[in-house]
Every structure is written in C-alpha cells, then in structure tokens.
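# got a sequence here, can you model it:
(one chain, ligands or ions: 2)
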Amino acid sequence: MGNLMSRNEFPVEGRTVVITGGSSGMGLEVGRQLAEKGANVVIVARGQEKLRQGIEYIQAGALYPQSQRFHQISADLTSPSDAVRVMDEVVAWNSSTPPDIVWCCAGSALPTLFIDTPVARFHNQMDSNYFTGMHMAHATLRRWLKISPKDAADDPSSHSCAPTNGPPPARHLIFTSTFLAFYSFAGWTPYSPSKAALRGLSDTLSQEMNLYAAAHPTEPRVRVHTVFPATILSESYEAENLIKTDLSKMLEEGDEAQTPQVVAAKSIRGLETGQELVTTNLVTWLVKRSMLGGSVRGGFWRALLDWIVGSLMALVMIFVRDDMDRKVRAWGRKYGDSGMNGDNKSARSVKGHLQA
Ligand SMILES: NC(=O)C1=CN([C@@H]2O[C@H](COP(=O)(O)OP(=O)(O)OC[C@H]3O[C@@H](n4cnc5c(N)ncnc54)[C@H](OP(=O)(O)O)[C@@H]3O)[C@@H](O)[C@H]2O)C=CC1
Ligand SMILES: CCCCCCCCCCCCCCCC(=O)[C@@H](N)CO
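Ligands and ions are numbered 1, 2, ... in the order given. The predicted model follows:
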C-alpha cells in the first residue's frame, strides 16, 4: 500500500487543464489549487463576469506566475457545438496542442418532489448535469483519440508533455457527480438520475479506453474518473435550498457540509492516489462501497478493503433505508403530502422546528 500511496498519479505542473464550471464553487477552487500546483488553467462557464473574476482569482494562485497561462471561455455546454468550439479554442490557445486534463464540474441542482416537478425540469437537469459532461467528453476524446495511422507513427511532439523515457503521463477526463448517485432519497428525482448517468458513462468509458491504450501504446493513456462530493457550501447550494422541500432538508441533516476548498483538495488528493471513483467525505466513502459493482478499484489491496467495508455496508444500508422510510412516513402523518418549503407560513414554522 505504501507504494500505492506515494506515487503522484495526477501530476499537473506544466500541464494544461480545462475546468467546466470553473467560475464558481468547487470548479473555481479546483482551478485555484491546480494553479498552485503549477498547471495552466482554462475555465469554461456561461456567465462572462464571473469568468473574468474567476480567472483572476485562479491566476493569483499561480506557482510560476511568469510561465503559467490562464484563459476563460464563455460557453453553454448543454449545446454539443459549444463543447466542440471550446475544445477548438483551447487547442488554438495551447499552441495547437490538446489539453492534458479536462474536469467537468458544470452542473446545477433543482430538487423538488416528483409530481410537483414540471416535466421540462427533468430535461433541464439531464442537460445541465449529464449532457454538459457528455458533450465535453465527446469533444475531448475525439481530439485525444482520433489518431490517424500516420500520426501514430510515434511522433513524440504530438503530445504536450513527452518525457525522455518511459510512457508519457496519462491524460485525465474527470466527471463531477454526487453522493446521491450512490444513494438517493425523497426530493431528488430531477437531479440524481442525471448524476447517476455520469457514473454509467464514466465506468463504460474507462473500459473503452483500454482499446485505445492497447492500439496506440506510445500515445498518452486516457484515464477516466468521477468525483462524488456530498454537500458543498457554494452559492448554488443556497439557491437549491430555496426550492428544496423541508422533507429533503430533514433527510440530509446528518451530512456535514464542506467548503468548496475542502472538496477540491480532497478530490485532487483522490486523483493523485490514482482512484477512479473519488469520494470526498467519510459517509460517501462508506456508501460507495455498497455500490461498487464492476467499477475499477485500483489494485488488490484496495479491492480487499472495498470488499470488507462493502460487506458491512450491504447490511448497514438496509437500516439506513429503513430509517429514512420511517422518517418520510412520520413526516406525511404530521404535515401531510406537501413536503413543504420556505414559501408559506406553515413551512416557516417547520423550518423553525428543524433548526431548533
Ligand atoms: N453544491 C453541492 O452541494 C453539490 C454539488 N455537486 C456538483 O458539483 C459541481 C459543482 O457544484 P457547485 O460548486 O455547487 O457549483 P456552482 O453552482 O457554484 O457552479 C456551477 C458552475 O457551472 C457553470 N455552469 C452551469 N451550467 C452550465 C452550462 N450549461 N454550461 C457551462 N457552464 C455551466 C456555472 O457557471 P454559469 O452559471 O455562469 O454557466 C458555474 O461556473 C456541480 O456539478 C454540482 O452539481 C455535487 C455534490 C454536491
Ligand atoms: C453510514 C451511512 C449513512 C448514510 C446516511 C445518509 C445521510 C444523508 C447524506 C446526504 C448527503 C446529501 C448530499 C447531496 C449533495 C448534492 O448533490 C446536492 N447538494 C446538489 O447540489
């Protein structure tokens, strides 16, 4: 295990990283911390003003202010052509070289009870969370992997960070999912499926990458990861709480929210230790083990630990689910079927009750 832990499997110094959703919350902090480790950073989001402020903040953390480069691109990644445009712009900006790392952080959460949710919102959430990531993945992997037989003739200049010996460092494609992809509960139907879909994409791509690695052994290998944060104290977390029912708030009371800084640091650490499915707190670390299936575990010792914790968690989750079901029924008996939220008088009194 010692060896496993000591090698940095996610070197970023001198490499170019694209972060979608990099103008706010976790993505912004990821950008800052990777800049502090010496990366060139490009952030992508829709809002121009936040992008400008964001890139300034990220740039201020640069390890080598003279040589590191920073850039921002405004794009709506729910559109596939915007994702392609982003990749084209990054390649042009980066001396005709594709980025080394693409981290998809863009997303949003609109948690409401299923039958109270207009159908259009399910589409919105799929677009915002699944398709923003899927579009970036498609544009990125086409750039990375469409290797014509001629180019593949071992031209080391075709990748940006070719060392003098050994295989070139891997490229990384990273998705941002959530705790709720492992275990979802009342009030999260518009959001959880869109984030669970990212895990399906990630696991499948992770296997497909073996095809290209085997066919082009001298090209940088592509590694695919997904990060599963729990509650992040971002601006949009406050916004989601304006529509979230008090029922959902009560069910997630046990979760201790983390700052974007902490979530970014833990995510980066997980990638540095080579994990494919990365968690950022203990509860998610535990619940993930009840849901690993065929996902890559990263070696024998980790698999053994997963198996031990997983068999325990298979039992624990029965009680977790049972306890939540009980709470939902108790809520229904006490407050009726609304779930309630902050907009009405009774909801305010319930909120007071919850805070007490
Ligand atoms: N907050 C939380 O509790 C949790 C959040 N997550 C997930 O982690 C990620 C980061 O969350 P958080 O830090 O709260 O994020 P924020 O809401 O603070 O930031 C979201 C970022 O994504 C950008 N974005 C949103 N939609 C698009 C789009 N269509 N195209 C391009 N950019 C877009 C936003 O900029 P702009 O609006 O200007 O486009 C912003 O930069 C998200 O994917 C979120 O779903 C996971 C677990 C918990
Ligand atoms: C030992 C096992 C115990 C399990 C208990 C379960 C406790 C509930 C934790 C709720 C976490 C909710 C995270 C939501 C994050 C998110 O994605 C949204 N905020 C979207 O922005």
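
# anything in stretch 256-265 near ligand 2?
No. Shown here: stretch 256-265 not in contact with ligand 2 (CB under 6 Å from any ligand atom), separated by at least 8.4 Å. Bear in mind the C-beta positions are built from the backbone N, C-alpha and C, glycine included.

# any regions of the stretch 1-150 of the chain where pLDDT drops low?
For the stretch 1-150 of the chain, the stretches flagged by pLDDT under 70 are 1-5, 148-150.

# just the helices in it please.
Under the criterion DSSP state H, counting those that start in this stretch, the stretch 1-150 of the chain contains helices at 2-6, 25-36, 48-59, 80-93, 119-125, 132-145.

# cool, the stretch 201-350 of the chain as well?
Taking DSSP H, counting those that start in this stretch, the helices of the stretch 201-350 of the chain run over residues 235-243, 246-251, 260-272, 282-289, 300-335, 345-355.

# between those, which one is closest to ligand 1.
Ligand 1 lies closest to helix 235-243 among the helices of the stretch 201-350 of the chain, at 3.0 Å (CB to the nearest ligand atom).

# please state the offset of the closest one from the chain centre?
Distance, stretch centre to chain centre, for helix 235-243: 18 Å (CA atoms, centre = their mean, to the nearest Å).

# going forward, begin numbering at 533 instead of 1
Sounds good: first residue 533 from here, last item helix 767-775.

# can you give me the pLDDT of residue 834?
You'll see residue 834 listed with a pLDDT of 94.

# now do it against ligand 2, distance only.
19 Å (CB to the nearest ligand atom, to the nearest Å).

# over to residue 721?
To ligand 2, residue 721 is 13 Å away according to CB to the nearest ligand atom.

# ligand 1 contacts on the stretch 683-832 of the chain?
708, 710, 761, 763-764, 766-769, 792.

# 5 Å instead, please
708, 710, 761, 763-764, 766, 768-769 (CB under 5 Å from any ligand atom).

# follow-up on the earlier one: okay if I get the helices of the stretch 733-882 of the chain as TSV plus mean neighbour count?
Below are the helices of the stretch 733-882 of the chain laid out as TSV (neighbours: other CB atoms under 10 Å):
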stretch	mean neighbour count
helix 767-775	14
helix 778-783	21
helix 792-804	20
helix 814-821	18
helix 832-867	13
helix 877-887	12
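
# least reliable of the ones you listed going by mean pLDDT?
Looking at those, the bottom one is helix 877-887 with a mean of 38.

# before we move on, back to that, I'd like to know which of the residues of the stretch 683-832 of the chain next to ligand 1 are buried.
708, 710, 761, 763-764, 766 (16 or more other CB atoms under 10 Å).

# now pLDDT too, for those, in CSV please.
As requested, these are exported to CSV (pLDDT from 0 to 100):
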residue, pLDDT
708, 98
710, 98
761, 98
763, 98
764, 98
766, 94
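
# also near ligand 2: which of those, exactly?
Subset of those in contact with ligand 2: 710, 763, counting by CB under 5 Å from any ligand atom.

# residue 822 and residue 838 touch, don't they?
No. Proximity of residue 822 to residue 838 does not meet the contact threshold set by CB atoms under 8 Å, at 10.1 Å.

# contact partners of stretch 796-810?
Around stretch 796-810, the neighbours that count as contacts under CB atoms under 8 Å, 6 or more residues apart in numbering are 536-537, 539-542, 558, 561-562, 564-566, 569, 704, 706, 731, 734, 738, 755-761, 790, 811-813, 820, 824, 827-830.

# ok, now stretch 639-647?
Under CB under 8 Å, 6+ apart, the answer for stretch 639-647 is 553, 649, 653, 656-657, 660-661, 664-665, 708, 718-723, 727, 768-769, 772, 775-777, 779-780, 871.

# contacting residues around residue 665?
Contacts of residue 665 by CB under 8 Å, 6+ apart are 552, 636, 638-639, 707-708, 730, 733.

# what's the closest of those residues to residue 864?
Distance ranking of these against residue 864, using CB to CB, places residue 639 first at 30.2 Å.

# get me the contact residues on the protein for ligand 2.
Taking CB under 5 Å from any ligand atom as the contact definition, the chain meets ligand 2 at 641, 710-712, 762-763, 784, 786-787, 818, 852.

# farthest pair within these?
The widest separation within these (CB to CB) is 22.4 Å, between 641 and 818.

# residues contacting the spatially most central residue of the chain?
In the chain, the centroid-proximal residue (CA atoms, centre = their mean) is residue 708; its distance is 1.0 Å. Counting by CB under 8 Å, 6+ apart, residue 708 makes contact with 553, 558-559, 635-637, 639, 665, 730, 758-759, 761.

# tally of neighbours for the nearest residue to residue 793 once chain neighbours are set aside?
Of all residues not flanking residue 793 in the chain, residue 561 sits nearest, at 5.1 Å (CB to CB, 6 or more residues apart in numbering). Residues near residue 561, counting by other CB atoms under 10 Å, number 27.

# nearest to ligand 2, of the buried ones among the residues of the stretch 683-832 of the chain next to ligand 1?
Closest approach to ligand 2 among those (CB to the nearest ligand atom): residue 710, at 3.3 Å.

# right, and that closest one touches residue 727 too?
Yes. Using CB under 8 Å, residue 710 is in contact with residue 727, at 4.8 Å.

# does residue 587 touch residue 605 like I think?
No. Using CB under 8 Å as the test, residue 587 is too far from residue 605 to be in contact (10.0 Å).

# give me the common contacts of these two.
With CB under 8 Å, 6+ apart, residue 587 and residue 605 have common neighbours residue 575.
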